[in-house]
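>>> only geometry, no sequence info:
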């Protein structure tokens, strides 16, 4: 029987991915302050030496996780957008997709990083840059999904208000299940958008 060896680069990629996913999980479960490199390596099932080889410090690990979280958030949004219905109910479905995104574990991890970045200058620079890019991408996607025409007065502001609204609802959800109220708010906001966009 022959054993196929996995190339070193492929193993390294898999290890880095496990470490980054474990970091996101620790951020969600324990917050930034409670996330340690030891906890991350245990959660990832990776030796401490392997973790140190790829990410020598908590700062290196968290900065890599910031990039990973940003990529994951963009990927989640694109995947969810691909399955949205056309026609009646689309606006509410777009809002539901955005609402789900801003209450996901990946958003919770991003929120932990935002809070930590407030008092950590190197982290703040990294988080701010990636959030600006993600914000632009999310805005563009929302414009497209809602069929908004930003050259018409007020439509750009309605799209931005939509993103501010779902982000705020996501924040409210971090301290308790807010799904019933969120659904009512999004139902009403869908009516506002249908009257004012497109």
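Thanks, I have the structure now. On a predicted model such as this, the values are computed, not experimentally measured, just so you know.

>>> so how far is residue 44 from residue 142?
34 Å (CB to CB, to the nearest Å). Every residue, glycine included, has its C-beta placed from N, CA and C.

>>> quick check: the gap between the nearest residue to residue 44 once chain neighbours are set aside and residue 94.
Excluding its sequence neighbours, the residue lying closest to residue 44 (CB to CB, 6 or more residues apart in numbering) is residue 22, at 3.7 Å. As judged by CB to CB, residue 22 and residue 94 stand 32 Å apart.

>>> those two: which has the busier surroundings?
residue 94 (25 against 22; other CB atoms under 10 Å).

>>> next one: phi and psi at the more buried one?
Backbone torsions for residue 94, taken as degrees, to the nearest 10, come to phi -60, psi -50.

>>> that one contacts residue 146, doesn't it?
Yes. Under the criterion of CB atoms under 8 Å, residue 94 makes contact with residue 146 at 5.9 Å.

>>> tell me the phi and psi of residue 149?
Per degrees, to the nearest 10, the backbone of residue 149 is at phi -120, psi 100.

>>> number of nearby residues for residue 52?
What residue 52 shows, counting by other CB under 10 Å, is a neighbour count of 15.

>>> so which strand or helix has it?
Using DSSP states H and E, residue 52 maps to helix 48-54.

>>> what does residue 116 give?
helix 105-117.

>>> if anything else comes up later, I'll come back, but that's it for now.
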